[in-house]
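>>> build me a structure from this.
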Amino acid sequence: MPVLLPAQSSGTPRGLDDTDVMRIKSVGGVALSPDGGKVLYTVSAWEHPAARGDTALGDRHERRSHVWIVPAAGGLPRQLTYGERGESQPAWSPDGQTIAFVAARGTGTGEDAPRPQLWLLPADGGEARQLTTARDGISGYSWSPNGAHIAYVTSDTLTREQEAKRRRRDDPQVYEGDFRLNHLWVIEVASGKSTKITSGALTVSGAPHWSPDGAKLAFSASPTPMIRDERRDAYVVDVASLRLDKISAGSDVESTPQFSPDGRTLAFTMLPHEFAPHKDGIMPRTLRNARLVTFDLATRALTNLARPDFDVSPGQPRWSPDGKQLWFTASDRVYQSLYVYDVASKGYTKRSRNALVGGFSASADGNTLALAIDASDMPGEVYVQRGAGWAPTRVTTTNPWLAERALGKHEVITWKSKDGRDVEGVLLYPVGYQPGARVPLLVSAHGGPTGAHTNGFKGGSSPGQTYAARGWAVLYPNPRGSTGYGEWWMHANTGDWGGGDYRDIMTGVDALIARGVADSSKMAFEGWSYGGYMTSWVVSQTGRFKAAMMGAGLPSLLSMAGTTDIPGYINTFFGQPQYDGSIVNANIRKYLERSGISYSDKVTTPLLILHGGNDERVPIGQPMEFYRALKDRGKTTELVFYPREGHGLSEWYHQLDRMKREYEWMARFTLGAGTKTAM
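Next comes the predicted model:
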């Protein structure tokens, strides 16, 4: 049956193209006013502040967010902030009279650029005023219960001598040393007087939480800011005396402690370590569900609230205003669900239904929620839920022009893997697909592997809708190792990358061929990060795919373990490489056996390799090794580095280039020479 191409006739809506994807605005940062009447939120989009009509002159696009407000009952949204560098983290004062946000405003570039500071804006209108003047800016904050103070987090400043040396480029860097630690400060809103609350050998994570009486702050902190440092503890500090109380003992805290409304109990999540620490005191990462816990401040009793019938990993908990429940979101198969833990019954309930809840905020009485919800046919928008049920009402339409585009439809599908287990994924159909038509198939592997594809809008970093507009189907599989499917499934590819996960994906491909959707002669594969690893493995194990793209991939696990900034994560799956003089011991053999580069000579699929030039998660040696191994053996491959980019692409032209370059590569080798690649 011929390939179905998108309709282009006059009057027929067309699908999304690459420039449409870059036009999409993103919603986040919802904050409901205490009375439940208004919602603050952020809208991020690409801006072209220096535009002179010709981008060839060197003008840049910048991704910025601004603060908006909308009535909770629905109505016309209004933009509140317009700063040239953007604003984020909006929050209401407890009395609802003032809006706080974070912004970097002022002149200067490079080292002299303004730092993000806390600003206050009257809720009924007026000019914003800058509250903090932290030399290195702030990263998070929270209002005190009476609104008189704000606690914020900032990094320790350099000494004058250190600052002078850095400015003159006398700045050798000690690897995993010379740490800049984050500490808590409290500022008086009326006077602007700041007081440092914490100090010493710990670095604060996230925004702290105030006790109801405003006397204490709860927070979590690690010994170092290294991302590989899995140690994290919970603390309570007395704001007046600065007395610090460490309330955890196992360095296994996962979230910021939250005071109950009566101030007697803290709630947070923990993940007990299951690996012994290395000689430097840092242990590999544990792959289990986090446990919701409470801590009684009077008795110092820690209570584990985990239940065997609740098999997902809870996120940051929040108390309901009456203290009877704990609310949180968690990865739930192809969704992000809102859950409730009832203190009296000790039971968990899923409150949302088939929704991707990106964030939520409650009114002071808890009867109203504002939520950011993503959907398969619409990027994230602001919704309002009233009462205890689940019937949220959408109150924003941030991308109205999308109504003029035709979208491919989603279907959540399941299939049987080789061992008989059910595997789930999302199938995106081509625009205007007719049942029975066999179409080109793109398979997209997610990152992680402790991640998951969701049933959300496919117009972001993996722009499936642009493939759907060109007549392709896209499969988003969630093989073993994915989150949201229970602890066993998340743990099931430990030591088995390229094993069960590979078979889970390939049986999904077979299922789509059997269903008459996929054209087996026109299939391509792509993935980023662990998805890039899977791409390298797929092309080294099968020639079924006509083209592939490895993004930020790790085809050489042994060198990856020694150079990545998260070695403990690799150790979790394969153990620490045993450099014991035996050269190729069983442990090292495992690393080599599960590395795509070890089978370079068997690769027949044309492979495009894309990588950030400053990637510390998957260092640039990974793509270089694979490229060299393939190129020296006469394989069809191309390696593209994106300067300044880390593990993901953040710049306008780089994101646009990725989409165009990837599709042109896939179409050339999958659909054949002469195929039209631009829309």
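
>>> and the closest residue to residue 217 other than its chain neighbours, what element?
Counting by C-beta to C-beta, 6 or more residues apart in numbering, the nearest residue to residue 217 once its immediate chain neighbours are dropped is residue 208, at 4.4 Å. Where C-beta positions appear, they are placed from N, C-alpha and C, glycine not excepted. For residue 208, the host element (DSSP states H and E) is strand 203-210.

>>> chain center to that strand: distance?
19 Å (C-alpha atoms, centre = their mean, to the nearest Å).

>>> walk me through which strands it pairs with, and which way each runs.
strand 216-222 (antiparallel) (DSSP bridges).

>>> pull the CA atoms of the partner strand into PDB?
Once non-C-alpha atoms are left out, strand 216-222 reads as follows in PDB (Å, rounded to 0.1, in the frame of the first residue of the first chain):
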ATOM      1  CA  LYS A 216      12.000  27.600  62.000                       C
ATOM      2  CA  LEU A 217      13.000  26.500  58.500                       C
ATOM      3  CA  ALA A 218      13.200  22.900  57.200                       C
ATOM      4  CA  PHE A 219      15.400  22.100  54.300                       C
ATOM      5  CA  SER A 220      17.500  19.300  52.800                       C
ATOM      6  CA  ALA A 221      21.200  19.500  52.000                       C
ATOM      7  CA  SER A 222      24.200  17.500  50.800                       C
END
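
>>> name the residues of whatever helix or strand comes next after it that come out as buried.
Toward the C-terminus, strand 216-222 is succeeded by strand 233-238 as the next helix or strand (DSSP H and E). Under the neighbour-count criterion of 16 or more other C-beta atoms under 10 Å, strand 233-238 has 233-237 buried.

>>> same check on stretch 243-256?
Quick answer for stretch 243-256 (16+ other C-beta under 10 Å): 247-248, 251-256.

>>> where does residue 667 sit, in terms of helix or strand?
Counting by DSSP H and E, residue 667 is part of helix 652-670.

>>> which parts of the stretch 151-300 of the chain are strands?
182-188, 194-196, 203-210, 216-222, 233-238, 244-246, 258-259, 265-270, 291-296 (DSSP state E, counting those that start in this stretch).

>>> wait, which of the buried residues of strand 233-238 is closest to residue 117?
Using C-beta to C-beta, the shortest approach to residue 117 within these belongs to residue 237, at 22.8 Å.

>>> so what does the helix holding residue 667 touch, helix or strand wise?
Identification of packing neighbours for helix 652-670 by 3 or more C-beta pairs under 8 Å, 6 or more residues apart in numbering; DSSP states H and E yields helix 18-23, helix 464-468, strand 518-528, strand 547-551, strand 607-612, strand 637-642.

>>> just how off-centre is that helix within its chain?
For helix 652-670, the distance to the chain centre is 23 Å (C-alpha atoms, centre = their mean).

>>> can I get that helix in PDB, CA atoms only?
Output of helix 652-670 as PDB, limited to C-alpha atoms (Å, rounded to 0.1, in the frame of the first residue of the first chain):
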ATOM      1  CA  TRP A 652      17.600  28.300  19.000                       C
ATOM      2  CA  TYR A 653      19.700  27.500  15.900                       C
ATOM      3  CA  HIS A 654      21.000  24.300  17.400                       C
ATOM      4  CA  GLN A 655      17.500  23.000  18.200                       C
ATOM      5  CA  LEU A 656      16.300  24.000  14.700                       C
ATOM      6  CA  ASP A 657      19.400  22.400  13.100                       C
ATOM      7  CA  ARG A 658      18.800  19.200  15.000                       C
ATOM      8  CA  MET A 659      15.300  18.800  13.700                       C
ATOM      9  CA  LYS A 660      16.100  19.600  10.100                       C
ATOM     10  CA  ARG A 661      19.400  17.600  10.000                       C
ATOM     11  CA  GLU A 662      17.800  14.600  11.700                       C
ATOM     12  CA  TYR A 663      14.800  14.500   9.400                       C
ATOM     13  CA  GLU A 664      16.900  14.900   6.300                       C
ATOM     14  CA  TRP A 665      19.200  12.100   7.300                       C
ATOM     15  CA  MET A 666      16.200   9.800   8.100                       C
ATOM     16  CA  ALA A 667      14.300  10.600   4.900                       C
ATOM     17  CA  ARG A 668      17.400  10.200   2.700                       C
ATOM     18  CA  PHE A 669      18.200   6.700   3.800                       C
ATOM     19  CA  THR A 670      14.700   5.500   4.800                       C
END
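
>>> who are the contact partners of residue 290?
For residue 290, the contacting residues are 254-255, 269-271, 313-315, by C-beta atoms under 8 Å, 6 or more residues apart in numbering.

>>> nearest residue to it other than its sequence neighbours?
Per C-beta to C-beta, 6+ apart, closest to residue 290 is residue 269, 4.2 Å.

>>> which SS state does the closest residue to residue 516 other than its chain neighbours fall under?
Spatial nearest neighbour of residue 516, excluding adjacent residues (C-beta to C-beta, 6+ apart): residue 436 at 5.8 Å. Judged by DSSP: H, G, I helix; E, B strand; the rest coil, the three-state class of residue 436 is coil.

>>> what is the neighbour count of residue 436?
Residue 436 has 9 neighbours, counted by other C-beta atoms under 10 Å.

>>> what's the answer for residue 466, then?
Residue 466: 25 neighbours (other C-beta under 10 Å).

>>> same deal with residue 524?
Residue 524 - counted by other C-beta under 10 Å - has 27 other residues nearby.

>>> and it, what are its bridge partners?
Assigned bridge partners for residue 524, using DSSP bridges, are residue 442, residue 547.

>>> surely it touches residue 666?
Yes: taking contacts as C-beta atoms under 8 Å, residue 524 lies within contact range of residue 666: 4.5 Å.

>>> which residues do the two both contact?
Joint contacts of residue 524 and residue 666 (C-beta under 8 Å, 6+ apart) are 442, 547, 549.

>>> could those be laid out in a markdown table, adding distance to residue 637 and pLDDT?
Formatted as a markdown table, the shared contacts of residue 524 and residue 666 follow (distance: C-beta to C-beta, whole Å; pLDDT from 0 to 100):
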| residue | distance to residue 637 | pLDDT |
| --- | --- | --- |
| 442 | 19 | 98 |
| 547 | 11 | 98 |
| 549 | 11 | 98 |
